[in-house]
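Student: give me a 3D structure for the following:
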Amino acid sequence: MKSRAFATAAAITAALFLTALLLSACGTGGQAAAGTSGDEADGTDRAAGGGETLTVRIGYQKYGTLNILKADGRLDRRLAERGIRVEWTEFPGGPQLLEALNVGSIDFGHTGEAPPIFAQAAGAPLVYLAHEPPSPRSEALLVPKDSDIRSIADLRGKKVALNKGSNVHFLLVKLLEQAGVGYDEIETVYLPPADGRAAFESGKVDAWVIWDPFFAAAETATGARILADGTDLVHNHEFYLGERSFVERHPDVVEIILEEAGKIDEWAKDHPQELAELLSPQLGIDVPSLELAAKRRRYGVQRVGAEVLEAQQRIADTFRELGLIPVDIRVEEAMIRPAAGD
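Tutor: Okay, the predicted model is just below:
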């Protein structure tokens with residue numbers, strides 16, 4: 001198991017390094033490698049009069065509060081009133097989003113619990129800003145509806161697909177641990193969500209650990225069976241993260257983003273159908289699947305406290321013990337410390 005662990009750690013580190021080289025080499029075009037955006041990647045624009053207009057570069061995924069903010073447009077409108085432009089870039093998962101933050105392609109984003117651990121271990125200048133409440137039912141390990149796999153113990157010797165370094169990575173670790181199955185007793189197949197879905201449906205993998213809305217879409221479209229979700233096992237927080245120097249230079253902008261995220265959360269939690277209808281055209285996912293996902297998650301922007309940091313540290317320590325990250329990290333170091341007298 002030790003050799004496999006070191007191999008996994010090396011693969012993760014190499015992937016982050018290669019992505020950094022690619023994005024750095026592309027300069028302002030780097031976002032085309034990491035995500036999709038029709039805007040320039042420059043952090044600022046020169047106004048006609050010679051002034052400098054701030055552009056906030058926000059990375060988002062297929063689902064989450066930032067996704068709702070983008071669809072609604074209220075954040076863009078509020079920041080435009082202050083002469084600030086918003087540039088949105090979509091990423092297939094949290095690890096890819098934080099790779100872009102690491103090389104300076106975005107300023108702000110959101111991920112699950114595991115991506116910041118891997119990114120901090122790789123030296124990314126990220127800081128934790130806030131989080132959503134736990135949503136353990138929003139991620140699960142799925143098997144095909146006619147699969148002979150009936151328990152986590154049945155996964156021994158099987159192929160399990162997941163997005164490397166994502167929130168479901170920790171869920172898989174905990175499920176195996178609970179069932180007494182060694183991490184080296186399964187074959188992990190690292191695939192982003194779209195490729196994971198294809199492999200799952202074609203039978204190239206035996207199980208898939210995935211999060212909403214991909215989780216809900218697989219349920220409704222394929223009848224996939226939930227072998228286990230995160231209930232009573234993981235928190236599955238959604239974190240708001242920023243690039244350290246941007247957060248230190250523009251705390252007022254960060255506060256506006258978090259404030260607007262809180263407002264849209266208040267609306268979303270009471271309007272799952274309307275939310276699904278709002279997001280469906282943008283995401284290309286059917287309304288029933290999005291409504292199912294909306295009803296499984298919890299809403300409300302909360303500041304990062306000691307309890308959440310301790311939970312993140314336990315995740316980091318677990319990944320280190322398994323050799324999934326190459327160095328020890330202290331999660332608390334990825335926080336903005338108040339200035340003396342504050």
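Student: okay, now the domains of this protein?
Tutor: Following automatic domain parsing, the chain resolves into domains at 2-135+237-334, 136-229.
Student: as CSV, these with mean neighbour count and mean pLDDT would be great.
Tutor: (C-beta placed from N, C-alpha, C; glycine too.) Shown next, in CSV, are those (neighbours: other C-beta atoms under 10 Å; pLDDT from 0 to 100):
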stretch, mean neighbour count, mean pLDDT
domain 2-135+237-334, 18, 83
domain 136-229, 20, 96
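Student: contacting residues for Gly180?
Tutor: By C-beta atoms under 8 Å, 6 or more residues apart in numbering, Gly180 lies in contact with Ala153.
Student: mind checking how far Pro193 is from Ile329?
Tutor: 26 Å (C-beta to C-beta, to the nearest Å).
Student: from Val253, how far off is Trp97?
Tutor: In this structure residue 97 is Leu, not Trp. From Leu97 over to Val253 (counting by C-beta to C-beta), the distance is 18 Å.
Student: same question, Ala198
Tutor: With distances taken as C-beta to C-beta, Ala198 is found 39 Å from Val253.
Student: for the chain, just list every one of the helices.
Tutor: Using DSSP state H, the helices of the chain run over 2-26, 31-34, 65-72, 74-80, 94-102, 114-121, 167-179, 193-202, 214-222, 244-249, 251-269, 272-283, 287-296, 306-321.
Student: out of the ones you listed, which gets nearest to Val234?
Tutor: helix 167-179 (5.2 Å; C-beta to C-beta).
Student: check which helices and strands the closest one sits against.
Tutor: Applying 3 or more C-beta pairs under 8 Å, 6 or more residues apart in numbering; DSSP states H and E, one finds that helix 167-179 contacts helix 114-121, strand 139-143, strand 159-162, strand 207-211, helix 306-321.
Student: include distance to Glu90 when you put the ones you listed into JSON lines, please.
Tutor: Below are the helices and strands packed on helix 167-179 laid out as JSON lines (distance: least, C-beta to C-beta, whole Å):
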{"stretch": "helix 114-121", "distance to Glu90": "15"}
{"stretch": "strand 139-143", "distance to Glu90": "20"}
{"stretch": "strand 159-162", "distance to Glu90": "20"}
{"stretch": "strand 207-211", "distance to Glu90": "15"}
{"stretch": "helix 306-321", "distance to Glu90": "25"}
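Student: and those: which comes nearest Gly300?
Tutor: Closest approach to Gly300 among the helices and strands packed on helix 167-179 (C-beta to C-beta): helix 306-321, 13.3 Å.
Student: where's the closest residue to Thr222 other than its chain neighbours relative to Ala217, distance?
Tutor: Leaving aside its chain neighbours, Thr222 sits nearest to Glu201 (6.1 Å; criterion: C-beta to C-beta, 6 or more residues apart in numbering). Separation of Glu201 from Ala217 (C-beta to C-beta): 11 Å.
Student: Ala161 too?
Tutor: To Ala217, Ala161 is 15 Å away according to C-beta to C-beta.
Student: got it, and Leu69?
Tutor: Leu69 is 21 Å from Ala217, by C-beta to C-beta.
Student: Ser151 too?
Tutor: 25 Å.
Student: next: Tyr183.
Tutor: According to C-beta to C-beta, Tyr183 and Ala217 sit 28 Å apart.
Student: likewise for Gly305?
Tutor: Separation of Gly305 from Ala217 (C-beta to C-beta) stands at 33 Å.
Student: same check on Glu248?
Tutor: Computed as C-beta to C-beta, the Glu248 to Ala217 distance reads 39 Å.
Student: compute the inter-axis angle for the longest strand along the chain and helix 251-269.
Tutor: Longest strand of the chain, by residue count under DSSP state E: strand 52-60. Inter-element angle recorded for strand 52-60 and helix 251-269: 40 degrees (by axes from the mean of the first three to the mean of the last three C-alpha atoms, to 10 degrees).
Student: and strand 52-60, what does it pack onto?
Tutor: Counting by 3+ C-beta pairs under 8 Å, 6+ apart, strand 52-60 packs on strand 44-46, helix 65-72, strand 85-90, helix 94-102, strand 108-111, helix 251-269.
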